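**Q** just coords:
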């Protein structure tokens with residue numbers, strides 16, 4: 001199994017109901033990110049999923065633009081992120097302590 005296949009498999013496990021166009025974006029991000037190049041496929045998939053949701057599907061970037069600090073912006077989008085993860089069938093959720101250590 002090559003790296004793309006391993007990441008695709010991990011995304012399917014972590015978000016089995018992710019829409020196809022978002023699946024492709026998440027997978028491409030996991031493969032193209034220098035910071036995730038040495039991460040395990042599972043870690044790369046999870047970090048790409050959460051980053052995609054945070055930046056594309058929540059108000060996170062708008063909050064930053066409005067002057068919120070990173071920690072506060074992450075706090076305010078946490079419930080929205082977890083709702084999307086639930087909608088996508090993910091067995092995992094983002095926790096406050098995860099956000100303290102995230103990108």
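**A** Received the coordinates, thanks. Just so it is clear, the model here is predicted, and its values are computed rather than measured.
**Q** Quick one: neighbours of residue 73, just the number.
**A** A total of 22 residues lie near residue 73 under the criterion other CB atoms under 10 Å. Where C-beta positions appear, they are placed from N, C-alpha and C, glycine not excepted.
**Q** secondary structure element for it?
**A** Secondary-structure element containing residue 73, defined by DSSP states H and E: helix 70-87.
**Q** Any regions of this structure where pLDDT drops low?
**A** With pLDDT under 70 as the threshold, the chain has low-confidence stretches at 99-103.
**Q** distance of the most centrally placed residue in the chain from residue 93?
**A** Computing the C-alpha centroid of the chain and ranking residues by CA atoms, centre = their mean puts residue 50 first, at 1.5 Å. When distances are taken as CB to CB, to the nearest Å, residue 50 and residue 93 turn out to be 10 Å apart.
**Q** Repeat that for residue 79.
**A** Distance from residue 79 to residue 93, by CB to CB: 10 Å.
**Q** try residue 57
**A** 15 Å.
**Q** Repeat that for residue 86.
**A** For residue 86 relative to residue 93 (CB to CB), the value is 8 Å.
**Q** All the strands of this structure, residue numbers only.
**A** For the chain, none of the segments meets the definition of strands by DSSP state E.
**Q** what's in contact with the helix holding residue 73?
**A** With CB atoms under 8 Å, 6 or more residues apart in numbering as the contact definition, helix 70-87 has outside contacts at 15, 17, 49-50, 53-54, 57-60, 63-64, 68, 92-94, 96, 99-100, 102.
**Q** Just the buried residues of those.
**A** 15, 49-50, 53-54, 58, 60, 63, 68, 94, 99 (16 or more other CB atoms under 10 Å).
**Q** Neighbours of residue 31, how many?
**A** With neighbours defined by other CB under 10 Å, the count for residue 31 comes to 16.
**Q** wouldn't it be in contact with residue 6 here?
**A** No - between residue 31 and residue 6 there is no contact, the gap being 10.2 Å when judged by CB atoms under 8 Å.
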